[in-house]
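S.K.: sharing a model that was predicted from the sequence below.
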Amino acid sequence: MEINLSKIKKVYFLGIGGIGVSAIARMMKSEGKDVSGRDPSESQVTESLRAEGIEVEIGSNSSAIPAGTELVVHTRALEIADAHILDEVRASGVPLLSYPQVLKIISENKYTIAVSGMHGKTTTTAMISHMMKVCGLNPTTIVGSIMKDTGSNFLAGTSKYFVVEADEYRRSFHNLSPRVLVITNIDEDHLDYYKDIEDIKDAFRTLVAKVPADGLIICNPNAPYVSEVIEGAVAPILDYAHHLADVPDLLTPGQHNRQNAACAFALGRHLELHRKEIEDALASFAGTWRRFEYIGKSATGALVYDDYGHHPTEIEATLSTARDEFGERKIYVVFHPHLYSRTKLLLHDFARSLAREGMEVLLPPIYPAREAHDPSISSEILAGEIEKEGGIAKVYPDFSQIEAYLTSVLTDSDVVITLGAGESNKVAYSLVKQGQ
């Protein structure tokens, strides 16, 4: 069924609290559509949607939709957990699209700049959007986090440009039609879906093949796996590593963020932006939600940060940056392992990335998300591996006990970093609230 989004007036969202789905909801609201939706639980996202005039119901997933709805948009998580609900919506005759399918329609009608990669794509997408906005190119943007300069995961643009985070999970990024493709890096991840690294590379090859000859691919051709993926590309290749020396001092610390900024710089030059404009824009980029984000101070004066890092490579980058930033200060790391499959398959890599001198790792139970319980892996097993690597790790039954422990030991010379794609950031906000 071909759907003309411009003619749709009333849209209902299932899983509206999701970071991607909520961006589409915001976009359609900005276009004057009647937008509402449902999500299983309250969150900062659902609260902010209500503040913007979008009606959000909270409760278990349901196929009940408002009368007069012309389109239902759903998170892909429902395809796994509640597929029967989607079947019921289809049976009602109301058109149904997934988040990636909506992106496909938008992408086909825009000059799409797609930012892909296992790590750094959120920050890079936000950096590019900020740079283009400051330099007057007015892009429409959808990013998998909250951009600090806009307070949203969506930017309503007035130009032909569409900047979008290209999600590799379940090959969702194949729905996009990129004119420019950025590849930050390629690594082993989402191994609950992909069979192995060869399967991942195959997915990226398909994405690379979608970039036309008059387009552009920005990457580091010498990075692991990238050279194999771009071999058959018809579009020209631009090595972002050539622009590392051009990157100005950033508000967001870390070498990984300099690499992200180099991608944005390379794109800016391709779009014929002036060098000084690019430098000034990148230097003013404030960062995104849950990317080495400063939350505040605890009641005892300890610095509290939060980061979404949930893969060993991301954790390595975050904790290396933290050590560089905070010198010899004691760092408490609250890490919420995300998915049984990821923790099990990358167990030793997690242990090595978390085992660091001067850091103490606090672990709640594994966050299962979409997976069934797997008794062969646990936070206790991960803690044991961290200690084998020379680190310090403790396991707690829940976040409240982690918070109680931190409250009893923190001093004004300490640092707390909450890490993970789960709910570890609740500890960060609670500690800071105690200090207010």
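M.R.: Cool, got the structure.
S.K.: got a pLDDT number for Met1?
M.R.: We have a pLDDT of 62 for Met1.
S.K.: got it, and the one 5 residues further on?
M.R.: Taken from the predicted model, the pLDDT recorded for Ser6 is 93.
S.K.: same check on Val164?
M.R.: pLDDT, Val164: 98.
S.K.: surely it and Asn153 touch.
M.R.: No. Contact between Val164 and Asn153 fails when scored by C-beta atoms under 8 Å: they sit 11.0 Å apart. Quick note: C-beta positions are derived from backbone N, CA and C, even for glycine.
S.K.: overlap in contacts, those two.
M.R.: Taking C-beta atoms under 8 Å, 6 or more residues apart in numbering as the contact rule, the neighbours common to Val164 and Asn153 are 142-143.
S.K.: biggest strand in the protein by residues?
M.R.: Counting residues, the longest strand in the chain under DSSP state E turns out to be strand 140-147.
S.K.: contacts for the helix or strand that comes right after that strand?
M.R.: Next along the chain after strand 140-147, taking DSSP states H and E as the criterion, comes strand 152-155. Contacts with strand 152-155, where a contact means C-beta under 8 Å, 6+ apart, come from 19-20, 22-24, 26-27, 30, 48, 129, 133, 139-147, 163.
S.K.: report the buried residues of strand 152-155.
M.R.: Using 16 or more other C-beta atoms under 10 Å as the test for burial, strand 152-155 gives 152-155.
S.K.: try stretch 133-153
M.R.: 133-135, 137, 139-150, 152-153.
S.K.: how much space separates the residue lying closest to Leu14 once chain neighbours are set aside from Ser30?
M.R.: Nearest residue to Leu14 in three dimensions, chain neighbours excluded: His74, at 4.1 Å (C-beta to C-beta, 6 or more residues apart in numbering). Distance, His74 to Ser30, using C-beta to C-beta, to the nearest Å: 20 Å.
S.K.: ok, and what's touching the worst-scoring helix or strand of the chain on mean pLDDT?
M.R.: Lowest on mean pLDDT, DSSP states H and E among the helices and strands of the chain sits helix 77-81, with a mean of 82. Contact with helix 77-81 is made by 14-15, 18, 61, 85-86, 98, 370, as judged by C-beta under 8 Å, 6+ apart.
S.K.: and the helices in the stretch 1-150 of the chain?
M.R.: Using DSSP state H, counting those that start in this stretch, the helices of the stretch 1-150 of the chain run over 19-30, 44-51, 77-81, 83-92, 99-108, 121-134.
S.K.: quick one: those helices as TSV, columns for distance to Tyr194 too.
M.R.: Putting the helices of the stretch 1-150 of the chain into TSV (distance: least, C-beta to C-beta, whole Å) gives the following:
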stretch	distance to Tyr194
helix 19-30	19
helix 44-51	27
helix 77-81	15
helix 83-92	21
helix 99-108	16
helix 121-134	16
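S.K.: quick one: which of the ones you listed is nearest Glu316?
M.R.: helix 121-134 (15.6 Å; C-beta to C-beta).
S.K.: for the closest one, packing partners?
M.R.: For helix 121-134, the packing partners by 3 or more C-beta pairs under 8 Å, 6 or more residues apart in numbering; DSSP states H and E come out as strand 111-116, strand 140-147, strand 161-165, strand 178-183, helix 255-270, helix 275-283.
S.K.: in that helix, what counts as buried?
M.R.: 121-134.
S.K.: can you name the two of those residues that sit furthest apart?
M.R.: Checking these with C-beta to C-beta, the most distant pair is Lys121 and Val134, at 20.3 Å.
S.K.: circling back to that earlier point, JSON lines please, covering the helices and strands packed on helix 121-134 and showing distance to Asp412.
M.R.: Converted to JSON lines, the helices and strands packed on helix 121-134 look like this (distance: least, C-beta to C-beta, whole Å):
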{"stretch": "strand 111-116", "distance to Asp412": "39"}
{"stretch": "strand 140-147", "distance to Asp412": "29"}
{"stretch": "strand 161-165", "distance to Asp412": "37"}
{"stretch": "strand 178-183", "distance to Asp412": "41"}
{"stretch": "helix 255-270", "distance to Asp412": "27"}
{"stretch": "helix 275-283", "distance to Asp412": "30"}
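S.K.: sorry, back to before: looking at the helices of the stretch 1-150 of the chain, which is buried most?
M.R.: helix 121-134 (a mean of 28; mean count of other C-beta atoms under 10 Å).
S.K.: what's the angle from it to strand 111-116?
M.R.: Our comparison of helix 121-134 with strand 111-116, counting by axes from the mean of the first three to the mean of the last three C-alpha atoms, to 10 degrees, yields an angle of 150 degrees.
S.K.: between helix 121-134 and helix 255-270, how many degrees?
M.R.: Using the same axes, to 10 degrees: helix 121-134 against helix 255-270 is 40 degrees.
S.K.: middle-most residue in this protein, spatially?
M.R.: Here the mean C-alpha position of the chain is nearest to the C-alpha of Gly144 (C-alpha atoms, centre = their mean), at a distance of 4.3 Å.
S.K.: which residues touch it?
M.R.: Contacts here follow C-beta under 8 Å, 6+ apart; on that basis Gly144 touches 19-20, 121-122, 125, 153, 165, 167.
S.K.: gap between it and Arg76?
M.R.: Taking C-beta to C-beta, one finds Gly144 at 13 Å from Arg76.
S.K.: and Asn185, by the same measure?
M.R.: According to C-beta to C-beta, Asn185 stands 23 Å off from Arg76.
S.K.: so what are the domain limits for the chain?
M.R.: Listed domain ranges for the chain are 5-99, 110-283, 293-434 (source: automatic domain parsing).
S.K.: please state the offset of stretch 65-84 from the chain centre?
M.R.: 22 Å (C-alpha atoms, centre = their mean, to the nearest Å).
S.K.: stretch 409-418 now?
M.R.: 26 Å.
S.K.: list the buried residues in it.
M.R.: In stretch 409-418, counting by 16+ other C-beta under 10 Å, buried: 410, 414-418.
S.K.: what is the end-to-end distance of that stretch?
M.R.: Using C-alpha to C-alpha, to the nearest Å, the end-to-end distance of stretch 409-418 comes to 16 Å.
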